[in-house]
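**Q** Need a 3D model of the sequence below.
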Amino acid sequence: MNGTKFGTPVNILLVEDNPGDVDLIRESIEKSTLHCTLSVAVNGEAAMRFLRKTGKDADSPRPDLVLLDLNLPKKSGHDVLAEIKADSTLRQIAVMVLTSSQDEEDKFRSYGSHAYSYVKKPASVDQMPQVVEAIEKVLRAQVPL
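**A** Numbering: from 1, shown residues only. Coordinates of the predicted model:
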């Protein structure tokens, strides 16, 4: 996958507070054929500022996909997802929940809030290609490639 049909990279916003997970996801995407720009928000409040283009994020690109952890400081991933889907200017953005949560209630709640998909974070680096494949699948469905 080389980006959109016009050759521009797709924009992904990763909402993740764990620097190790950010590095792992970034490296996995860089090793893939996915042509994208990855932005990172380290908490729920920063994610909403980025998405609403407020303050220092006034010039942020509109993401084609949000990769959202549920366990975030300042504002939970569930709250971020609910705000995205309640906002008429943001609700069309695909949200993939990418979390370490093993709680089935988190999965049901995420889908109930209109998450596009729910993927458990891999236990090892060897499983990251499956996560990248899931990202590509969502992007193929959302972005004209």
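**Q** residues contacting residue 116?
**A** By CB atoms under 8 Å, 6 or more residues apart in numbering, residue 116 lies in contact with 94, 95, 96, 138, 141, 142. C-beta: built from backbone N, CA, C; applies to glycine.
**Q** shouldn't residue 80 be in contact with residue 68?
**A** Yes. Between residue 80 and residue 68 there is a contact under CB atoms under 8 Å: 6.1 Å.
**Q** shared neighbours of those two, which are they?
**A** Each of 15, 47 lies in contact with both residue 80 and residue 68 under the rule CB under 8 Å, 6+ apart.
**Q** Where do the helices of this protein begin and end?
**A** Along the chain, the segments classed as helices by DSSP state H run 19-31, 44-52, 77-86, 104-112, 128-142.
**Q** Packing partners of the first one?
**A** Contact partners of helix 19-31 among helices and strands, from 3 or more CB pairs under 8 Å, 6 or more residues apart in numbering; DSSP states H and E: strand 10-15, strand 36-41, helix 128-142.
**Q** For the first one, what is the distance to the chain centroid?
**A** Between the mean C-alpha point of strand 10-15 and the mean C-alpha point of its chain there is a distance of 5 Å (CA atoms, centre = their mean, to the nearest Å).
**Q** For that strand, which outside residues touch it?
**A** For strand 10-15, contacts defined as CB under 8 Å, 6+ apart pick out 3-4, 22, 25-26, 29, 34-41, 43-44, 46-47, 50-51, 61-69, 72, 77, 80, 135, 139, 143.
**Q** tell me the angle that strand makes with helix 128-142.
**A** Here the directions of strand 10-15 and helix 128-142 differ by 120 degrees (axes from the mean of the first three to the mean of the last three CA atoms, to 10 degrees).
**Q** Please spell out which residues along stretch 99-115 are buried.
**A** 99, 101, 106, 107, 109, 110, 113, 115 (16 or more other CB atoms under 10 Å).
**Q** how about the contacts of residue 116 in TSV, adding neighbour count, distance to residue 12 and pLDDT?
**A** As requested, those are exported to TSV (neighbours: other CB atoms under 10 Å; distance: CB to CB, whole Å; pLDDT from 0 to 100):
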residue	neighbour count	distance to residue 12	pLDDT
94	21	10	93
95	27	11	95
96	22	9	93
138	20	10	83
141	11	14	78
142	15	11	68
